[in-house]
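> Build me a model from this:
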Amino acid sequence: NRSLSKGIFDYLFGSFKIPAYMDAPFKSNEKCPVVIFSHGLGAFRTLYSAICAELASHGFIVASVEHRDQSASATYYFSEKPESERPKDNFPKTSASAPEDLLMEWMYYRALQHGEREFPLRNQQVKQRADECILALDKLTEVNAGVAVHNVLHTPFDWTTLENSMDLCRTAIMGHSFGGATAIEALCKEVKFKCGVALDAWMFPLNDEIFPRVKQPIFFINSEKFQWAGNISRMRQLDSAVIQRKMITIRGTVHQSFPDFTFLTGNWIGKLMKLKGEIDPELAIDLSNKATLAFLQRHLGLEKNFNQWDLLIDGEDKNLIQGTNVILFQSAI
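Now for the predicted structure:
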């Protein structure tokens, strides 16, 4: 029941604002590098504003994808109404459907069915998710080239202001949890992504066979409480002597230290619901964001000052662990 859910969320979290304006005019004096962001299982595109808005504030164009593989909590798409339901008029039809000819259709999270094997579902989903991230990059490429892209969403934003604004030779992919796996799958499928950042990646959905085919640098930023030996061992399959693969762990963090939920609850209920760890959530996301920026500068060839945080990439901070806190036994490697 959507009304009941809204009431519960309003009671628990109330109303919060982020330091960003909706549909603000775009202005940049230089071409911007691009990041495609993939959300986690049961999440949605706006749940990572503390990450995406921070990257945008440092000059990145960030596209946060809401996946339609039934892994989002809820999403929607538009389909064309049957001819019989469309308004009758004498105007000539164009190639793009008019808003009144479109029907909004909701798509909800698909839970695993009783007795259903999980890997086939998640593997199919991660492949679709990667394709959606690549499609997002393709659409941005069209916008950058000045190609008119039909947007069925009503928005006052002028997309033509993005023409020739993107440095598409400097493109990265990033994601949390299932989105971390999505980032790795997308790196395998699309060489236009020059590097990837995986936040507390859930490696289960991936086929082992893709690991040797990923040729780009990857940065794993993990929480202290979520990871386990089997998951870390799959990350270690991506280790390379010639391609930079980095891993750090943020002390005192939980899996939900990356989405915005960690900022929206008090200390007691946040820890009860495992939305908060022992570390100050603002400090945790600040470390993650700064380490990410340093990694992106290094592998996208940016001329910024993000290299001031290079030490974080190697876990050199009292709140970081170089590599992982998880003990790997020989059987898990």
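> Scan the protein for its longest strand.
Secondary structure of the chain per DSSP state E: the longest strand is strand 166-176.
> Packing partners of that strand?
The contact analysis (3 or more C-beta pairs under 8 Å, 6 or more residues apart in numbering; DSSP states H and E) places strand 166-176 against strand 32-38, helix 118-144, helix 178-189, strand 195-199, helix 281-300. Yep, even glycine has a C-beta here, placed from its N, CA and C like the rest.
> let's go with 10 Å and repeat that
Packing contacts for strand 166-176, counted by 3 or more C-beta pairs under 10 Å, 6 or more residues apart in numbering; DSSP states H and E, involve strand 32-38, helix 49-57, strand 61-65, helix 118-144, helix 178-189, strand 195-199, strand 218-223, helix 281-300.
> Next, format those as a markdown table and append mean pLDDT.
Listed next are the helices and strands packed on strand 166-176 as a markdown table, based on pLDDT from 0 to 100:
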| stretch | mean pLDDT |
| --- | --- |
| strand 32-38 | 99 |
| helix 49-57 | 97 |
| strand 61-65 | 98 |
| helix 118-144 | 98 |
| helix 178-189 | 99 |
| strand 195-199 | 99 |
| strand 218-223 | 99 |
| helix 281-300 | 98 |
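> Rebuild these as TSV, extending it with distance to residue 165.
As requested, these are arranged in TSV below (distance: least, C-beta to C-beta, whole Å):
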stretch	distance to residue 165
strand 32-38	6
helix 49-57	13
strand 61-65	7
helix 118-144	7
helix 178-189	22
strand 195-199	21
strand 218-223	26
helix 281-300	16
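> Need the ones you listed in TSV (columns: distance to residue 206 and mean neighbour count).
Shown next, in TSV, are the helices and strands packed on strand 166-176 (distance: least, C-beta to C-beta, whole Å; neighbours: other C-beta atoms under 10 Å):
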stretch	distance to residue 206	mean neighbour count
strand 32-38	13	26
helix 49-57	22	19
strand 61-65	18	20
helix 118-144	6	18
helix 178-189	5	28
strand 195-199	11	27
strand 218-223	12	26
helix 281-300	21	21
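> who wins for proximity to residue 274 among the ones you listed?
For these, the distance to residue 274 is smallest for strand 218-223, at 10.5 Å, taking C-beta to C-beta.
> Isn't residue 274 up against residue 226?
Yes. Between residue 274 and residue 226 a contact is recorded at 9.4 Å, counting by C-beta atoms under 10 Å.
> Any chance you could list residues touching both of those two?
254, 255, 256, 257 (C-beta atoms under 10 Å, 6 or more residues apart in numbering).
> how many other residues sit next to the third one?
Going back to what we said before, that points to residue 256. 25 (other C-beta atoms under 10 Å).
> Contact partners for it?
40, 43, 176-177, 200, 223, 225-226, 262, 265, 270, 273-277, 281.
> Can you tell me the SS state at residue 225?
Following DSSP: H, G, I helix; E, B strand; the rest coil, residue 225 is assigned to coil.
> how about the residue nearest to it when sequence neighbours are not counted, what does it touch?
Spatial nearest neighbour of residue 225, excluding adjacent residues (C-beta to C-beta, 6 or more residues apart in numbering): residue 254 at 4.7 Å. Contacts for residue 254 were tallied using C-beta under 10 Å, 6+ apart; they are 200, 223-226, 262, 270-271, 273-279, 281, 284.
> Look up how far residue 26 lies from residue 254.
The gap separating residue 254 from residue 26 is 35 Å, by C-beta to C-beta, to the nearest Å.
> Check residue 233 too.
Per C-beta to C-beta, residue 233 is found 43 Å from residue 26.
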